[in-house]
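What follows is a predicted structure for the sequence shown.
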Amino acid sequence: MVQVRVLVVEDEVIVARTIASQLNQLGYIVTGTASSGKVAIAKALETKPEIVLMDIILKGDMDGIAAASYIREQLEIPVIFLTAYGDVNTLERAKLTQPFGYIVKPFTIKDLQIAIEIAMLKYRLECELRENRDQLATLLNSMSDAVIATDERGIVTFMNPASEALTGWDKEDALGTEVSKIFNLVDEVTDARIENPVTKVLREQNVVYLGDYISLIAKDGRRVPIGDSASPLMRRPDRVSGVVVVFWDMSERRQTELLKQALEKEQEVNRLKSLFISTVSHEFRNPLTVIQTAIELIELQGNNLSDAKRKTYVKRIQSAVQTMKNLMEDVLFMGRSEAGKLAFNPTPINLDVFCRDLIEEFSLVENGLHEFVFTSNNEFTEAWMDERLLHYMLGNLLSNAVKYSPEGGTISLDLRCNSVEGKVTFRVQDSGIGIPAADQSRLFESFYRASNVKLIQGNGLGLVIVKRCVEAHNGEISVTSEVGVGTIFTIILPLNTEFSSPETDE
Ligand code: ATP
Ligand code: MG
C-alpha cells in the first residue's frame, strides 16, 4: 500500500492523538495535527499532506467547514469530514465544500481506512479527469478548425477561438444561444438558405457533411466559404445529448479553384483558336487549289481552249469563290457573335410571307433537285424579329437538309404560331442520311461534324451560327434524328422578341 500523508484537524487533543495513532497503525504518515482552522491551513501549507481529516467544531472563529473550503479550493487538497454531527443542516453546508468523505463519530479504525482509500481513489480519478479536460481544451483552443458544440436542443455550449474568428461571435455572447443564430449557411450558387446541420443531425442522429459551395454568413454579414461536418454526441447508443460541428475556412482553396478554372478556360479558348485557324486555312486551301488549277488549265490551253471548256473552268472558279465567300461570311459572323457584337435589330415581319419567300428561293436555286414543301397553321403570323438573323437560321437549316439528303427527297418547313402562348415554332424536316445518336449532343459545337458526313463538304459552323441567332431571340433549338430515316430541327422563338432580348450594337 502507498503511504498516504494525512493531516488531522481535531479540537480535542486526546481524540487527535488517538486518530493519529490509528492512522500510524494503518500505515499512513501523519504530517501533523491542528485544533483550529487557522492552524490547519498553516499546517496544510507547511506539511503538504495528501488528505486532510477535518472535524467540524474547532477552536477559534473558523469552523471545520470554512477551513475545509479554503484547503480544498486554494490548496486543492481533498478533505474528509470527521464529525459528531450527522444532521441535515451540517451535511448540506459541508456538501458545498465538495468533501471526499464524511465519517460520523464514533467510527472504527476500519471505517477510517475505507474512507481514506476511497477518497484517495476519487481524488486520483478527479485529477485524471481534469488533466484530460485541460488537454482537450488546449487542443480545441489551438486548433485551426472551428468547433461549436450544442446540447440536444441546439443551444450552443462550447465555441473554440477559431469558431469565434470565423463566425464573428464572441463566446460570451454565443453560449446559451440557439445555434442557427450563430451558424448560418447559404448555397453560394443559388443563394438559398441551407438547413442548419445541427438540426439535421438532431433529426437524423447521424454524421452530416456539407455539400460543395456553401458559405457561412458571419455576424457582420461577411460570407466565408466553408467545409464542415456535424456529428451527434451520444449519451447512450440510442440517445443524442448534443452535436459537435467542425468547420473550416475554404476561401483560399476556393480562390485556387477559381484560378484553376480560369486557366483551364483560357487553355480551352487557345485550343479552340488554334483549331479555328487551322480549320479555316485548311478549308480555304481546297477552293484555292480549284481556282489555281482552273487558271493553269486556261493558260496551258491558250487559244485552243474551247468555249465549253472555258465555261466549265469559269464555273469551277465561280463556285470556288462562292465557297470561300460563304466561309468568310460564316467566320465573320462567328467572330461578331463571339465578341458579343451580334447586331439584333427586330422589325415587324409577316412570318408566313417570309417562310414562303424563303422556300421559293431554295426551290429556284435547287431547280427541282429536291421537293420543297411549306405548311403552316394559318394563325396570325405577325412577329417582331431580326429578319437577317431569321434568314440565317432557317437558311442554314434548309441548306443542311439539302446537303444531307439524296436528290429527289422532300424537305419541309412547317410554321406554327401560337398567339396565346406568344410563341412560334419552325420545324425543318428532311428524309436524308440522319445523324448518329452519339453525335447529336455535340452538333452545336464549332467545327463539330457527325461521323457519317466525312465525304460531304462542310465546316461544322452552320449550326453554331444558327444557335447564336436563336439565342439572340431568346429562343430554343432542338433536334431529333435517325440515321437513314431523316432529321427534324425545331426552333421555338417568342413572337415578340423586341422586349425580351437585350439590345446589342454592331
Ligand atoms: P457548314 O459550316 O458549312 O454548315 P456543316 O454543315 O458540316 O458545315 P453544321 O451545319 O454546323 O456544319 O452541321 C454540323 C453537323 O451536323 C454536320 O456536319 C452534320 O454532320 C450534321 N447535320 C446537320 N444538319 C443535318 C441534317 N439535316 N441531316 C444530317 N446531318 C446533319
Ligand atoms: Mg451546314
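Right, received. Where do you want to start? Ligands and ions are numbered 1, 2, ... in the order given.

In space, what's closest to Asn24 - neighbours in sequence excluded?
Among residues not flanking Asn24 along the chain, Val30 sits closest, at 6.3 Å (C-beta to C-beta, 6 or more residues apart in numbering). Where C-beta positions appear, they are placed from N, C-alpha and C, glycine not excepted.

Before we go further, the one you found is sitting in a strand, right?
Yes. Remark: Val30 belongs to a strand, assigned using DSSP: H, G, I helix; E, B strand; the rest coil.

That one pairs with what?
As for beta bridges, Val30 partners with Val6 under DSSP bridges.

Okay, and Ile148 sits in which element?
Using DSSP states H and E, Ile148 sits in strand 146-151.

Quick one: residues in contact with that strand.
Here strand 146-151 makes contact (C-beta atoms under 8 Å, 6 or more residues apart in numbering) with 140, 156-160, 162-163, 165-167, 174, 179, 182-183, 198, 233, 241-249.

Mark which of the residues you listed are part of helices, please.
Leu140, Ala162, Ser163, Ala165, Leu166, Thr167, Ala174, Val179, Ile182, Val198 (DSSP state H).

Do you know the pLDDT at the fourth one?
In the prediction, the pLDDT value recorded for Ala165 is 93.

Ok, the first one next?
The pLDDT attached to Leu140 in the predicted structure is 87.

how about the nearest residue to it once chain neighbours are set aside, what does it touch?
Distances taken as C-beta to C-beta, 6+ apart put Asn160 closest to Leu140, at 4.5 Å, once the chain neighbours are dropped. Residues in contact with Asn160, defined by C-beta under 8 Å, 6+ apart, are Leu140, Asn141, Met143, Ala146, Val147.

if you set the cut-off to 10 Å instead, what comes out?
Asn160 sits next to 137, 139-149, 171, 246 when contact means C-beta atoms under 10 Å, 6 or more residues apart in numbering.

now swap in Asn206 and tell me
Lys200, Ala230, Ser231, Pro232, Val240.

Report the buried residues of the helix or strand where the first one lies.
This means Lys200. Using DSSP H and E, Lys200 falls within helix 197-204. For helix 197-204, the buried set under the neighbour-count rule, 16 or more other C-beta atoms under 10 Å, comprises Pro197, Val198, Val201, Leu202.

Closest to ligand 1 out of those?
Pro197 (48.0 Å; C-beta to the nearest ligand atom).

from what I can see the closest one touches Leu216, true?
No. Applying C-beta atoms under 10 Å, one finds Pro197 not in contact with Leu216, separated by 11.0 Å.

Kindly report the residues of this protein close to ligand 1.
Where the chain comes near ligand 1, counting by C-beta under 6 Å from any ligand atom, the residues are 330, 400-401, 404, 430, 432-435, 443, 449-450, 453, 458-464, 487.

let's see it at 5 Å
Contact residues (C-beta under 5 Å from any ligand atom) of the chain with ligand 1: 400-401, 404, 432, 435, 443, 449-450, 453, 458-463, 487.

are any of the residues you listed buried, and which?
Using 16+ other C-beta under 10 Å, the buried ones in the residues of the chain next to ligand 1 are 400-401, 404, 432, 435, 443, 449-450, 453, 459-463, 487.

Please identify which residue in the chain comes closest to ligand 2.
Relative to ligand 2, the nearest point of the chain is Gly462 (2.9 Å; C-beta to the ion).

and the closest residue to that residue other than its chain neighbours, what does it touch?
The shortest distance from Gly462 to any non-neighbouring residue, by C-beta to C-beta, 6+ apart, is to Asn396 (4.4 Å). By C-beta under 10 Å, 6+ apart, the contact set of Asn396 is Asp330, Val428, Leu461, Gly462, Leu463, Val464, Ile465, Val466, Lys467, Cys469, Phe489.

Which of the residues in stretch 233-249 are classified as buried?
For stretch 233-249, by 16+ other C-beta under 10 Å, it's Leu233, Val240, Gly242, Val243, Val244, Val245, Val246, Phe247, Trp248, Asp249.

Hmm, which of the residues of the chain next to ligand 1 is lowest in pLDDT?
Within the residues of the chain next to ligand 1, Asn459 has the lowest pLDDT, namely 80.

Tell me how far that one lies from Ile277.
13 Å (C-beta to C-beta, to the nearest Å).

what's the spacing between the longest helix seen in the chain and its chain's center?
Looking across the chain with DSSP H, the single longest helix is helix 251-301. On the basis of C-alpha atoms, centre = their mean, to the nearest Å, helix 251-301 sits 36 Å off its chain's mean C-alpha point.

what packs against that helix?
Contacts defined by 3 or more C-beta pairs under 10 Å, 6 or more residues apart in numbering; DSSP states H and E place helix 251-301 against strand 223-236, helix 307-338.

Reformat the ones you listed as CSV; add distance to Leu75 and mean pLDDT.
CSV is the format used below for these (distance: least, C-beta to C-beta, whole Å; pLDDT from 0 to 100):
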stretch, distance to Leu75, mean pLDDT
strand 223-236, 34, 86
helix 307-338, 82, 85
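
Indicate which one of the ones you listed is closest to Asn24.
strand 223-236 (45.8 Å; C-beta to C-beta).

what lines up beside that closest one in the sheet?
strand 208-209 (antiparallel), strand 214-217 (antiparallel), strand 239-249 (antiparallel).

mind putting the buried residues of stretch 233-249 in TSV, distance to Val104 included?
Formatted as TSV, those follow (distance: C-beta to C-beta, whole Å):
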residue	distance to Val104
Leu233	40
Val240	42
Gly242	40
Val243	45
Val244	44
Val245	49
Val246	50
Phe247	54
Trp248	56
Asp249	59
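
The residue of the chain closest to ligand 2 contacts Gly395, correct?
Yes. Applying C-beta under 10 Å, one finds Gly462 in contact with Gly395, separated by 9.2 Å.

Which segments of this protein make up each domain?
5-139, 144-249, 255-338, 347-494 (automatic domain parsing).

Which residues are in contact with each of Pro197 and Leu216?
Contact criterion C-beta under 10 Å, 6+ apart; residues shared by Pro197 and Leu216: Phe183, Leu185, Leu210, Asp228, Phe247.

just to revisit the earlier point, and the helix holding Lys200, what does it pack against?
Using 3+ C-beta pairs under 10 Å, 6+ apart, the elements in contact with helix 197-204 are strand 146-151, helix 179-182, strand 208-209, strand 223-236, strand 239-249.

hmm, back to that, same list (the helices and strands packed on helix 251-301) but as a markdown table, adding distance to Leu91.
Formatted as a markdown table, the helices and strands packed on helix 251-301 follow (distance: least, C-beta to C-beta, whole Å):
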| stretch | distance to Leu91 |
| --- | --- |
| strand 223-236 | 30 |
| helix 307-338 | 89 |
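
Could you identify which of those is most buried?
Most buried of these, by mean neighbour count (mean count of other C-beta atoms under 10 Å): strand 223-236, with a mean of 17.
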